[in-house]
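J.: need the 3D shape of this:
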Amino acid sequence: MAGIYLHIPFCRKACHYCNFHFSTQLQLLDEMAAALIKEAEMRRHETTEKIQTIYWGGGTPSLLSTDNLHKILETLYQYYPIDENIEMTLEANPDDITKEKASEWKSIGINRFSIGIQSFDDQNLAWMNRAHNASQSQTCINIIRDAGFENFSIDLIYGTPGQTLAAWEKDIDIALDKKIPHLSCYALTIEEGTALQHLIEQGKREAVNTDEQSDRFNLLVEKITDAGYHHYEISNMALPGFESQHNSAYWEGSPYLGFGPSAHSFNGKKRSWNIAHNIDYIRSIKEGNIPSTAEELTELDLLNEYIMTSLRSSKGLNKSRILNQWGEDKLKAIAMEMKKSMMVGHVLEHEEVWKLSANGKFLADGIAASLFFLPQ
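T.: Numbering: from 1, shown residues only. Next up is the predicted model:
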């Protein structure tokens, strides 16, 4: 069992799922912690394998009190075999990180952070409606380092309308100057049905320019490569030794347990996911029921997932694995389709693996989709 994922879908201003304001959230967070503890107890027989990673993510888990975090961890250590060298990551927003909290988090075993910085530019942060400012983006890094944390990651977003190439280069340069151990960098995407999508359709917000995003991605790759970072997944890059163990396990198809509203789990053959609504999740757990839905993945599902995740990874798409797990016919079909991407220089062939070229990395999802097998 690769890891445990704890999903805490609360935000700083209001609960997205329940429309409760922050004063009520404090009570809900206590109930959420109690529900997570009970779910972990109820599912303790699902694995006997050693847990390598614990990831507090989704929403803003840093809103949980240290006491609640500690109670959840006590339960996990009571019922699950936790590796002594566990990687334990906490997602946090810059405005939630204080000297006191950093010290408390360290005392309960948190040893890695994923910080939603998004940008070091006030104008860009304002466009994204973030609660923190550029000064807090830099200050929080100093706080966690002063508290003794060496392993942490920051999120950066590029390709927002109005962001100049120079502004994006400045974001990269600040991160590199600070020698941030791990970077997760994402192109802005517009989700279907969001308020931002409606504003763009009404002409009230500028649309995303994918050509500009490609330019920004290429600049990022060039600069992090020169700085000695390992670009081990399309959106993730790290100084040697600081690659995320938890996320790497996802990309390699390792099993994991997910606790909390909308959390997903995977056992190698079956995927399950909890109900997303906070109140319904808590109510169901109190009644002794795990509110989840499951699906058995077919061999084609597993192959398609392997194609998608392996192409995004620096390890590439391995021919021997395809041959041994899915057969010669599938390998031949992939090889035939792969020739199209190789002809235009988007994919390179290295003996036993296919890997994306520098020009192909920004097109990873489209290239993977062209290789997917449809249900028969």
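
J.: show me where this structure dips below the pLDDT cut-off.
T.: Under the criterion pLDDT under 70, the flagged ranges of the chain are 1, 10-25, 193-196, 199, 204.

J.: any idea which residue sits dead centre in it?
T.: To find the centre residue of the chain, average its C-alpha atoms and take the closest one (C-alpha atoms, centre = their mean): that gives residue 247, at 6.7 Å.

J.: ok, that one touching residue 235?
T.: No - shown here, residue 247 and residue 235 do not form a contact pair, counting by C-beta atoms under 8 Å, at 9.6 Å. Using the backbone N, CA and C atoms, a C-beta is placed for each residue, glycine as well.

J.: okay, now the domains of this structure?
T.: Split into domains by automatic domain parsing, the chain comes to 3-251, 315-364.

J.: so which residues of the stretch 251-376 of the chain form helices?
T.: With DSSP state H, counting those that start in this stretch as the definition, the stretch 251-376 of the chain shows helices at residue ranges 278-286, 299-312, 319-326, 328-343, 364-371.

J.: residue 130 is nearest to which of these?
T.: Between residue 130 and the helices of the stretch 251-376 of the chain, the shortest gap by C-beta to C-beta is with helix 278-286, which sits at 22.5 Å.

J.: what residues sit buried inside the closest one?
T.: Burial within helix 278-286, assessed by neighbour count using 16 or more other C-beta atoms under 10 Å, is assigned to 278, 279, 281, 282, 284, 285.

J.: need the helices of the stretch 251-376 of the chain in TSV with distance to residue 44, can you?
T.: What follows is the helices of the stretch 251-376 of the chain, written out as TSV (distance: least, C-beta to C-beta, whole Å):
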stretch	distance to residue 44
helix 278-286	14
helix 299-312	27
helix 319-326	31
helix 328-343	37
helix 364-371	36
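
J.: so which of these is nearest residue 145?
T.: Residue 145 sits nearest to helix 299-312 of all the helices of the stretch 251-376 of the chain, at 29.7 Å, using C-beta to C-beta.

J.: buried set for that closest one?
T.: Residues of helix 299-312 classed as buried: 301, 303, 304, 305, 306, 307, 308, 309, 310, 311, 312 (neighbour count, 16+ other C-beta under 10 Å).

J.: the residue nearest to the centre of the chain in helix, strand or coil?
T.: Judged by DSSP: H, G, I helix; E, B strand; the rest coil, the three-state class of residue 247 is helix.

J.: ok, residues contacting stretch 213-225?
T.: Residues from elsewhere that reach stretch 213-225 (C-beta atoms under 8 Å, 6 or more residues apart in numbering): 158-159, 163, 165, 168-169, 172-173, 176, 183, 185, 187-188, 231, 237, 358, 361-362.

J.: quick one: contacts for the closest residue to the residue nearest to the centre of the chain other than its chain neighbours?
T.: Spatial nearest neighbour of residue 247, chain neighbours left out: residue 236 (6.6 Å); criterion: C-beta to C-beta, 6 or more residues apart in numbering. By C-beta under 8 Å, 6+ apart, residue 236 lies in contact with 182, 183, 184, 185, 243, 244, 247.

J.: which residue, other than its chain neighbours, is closest to residue 347?
T.: Taking C-beta to C-beta, 6+ apart, and ignoring the residues beside it in sequence, residue 347 has residue 341 as its nearest neighbour in space, at 4.1 Å.
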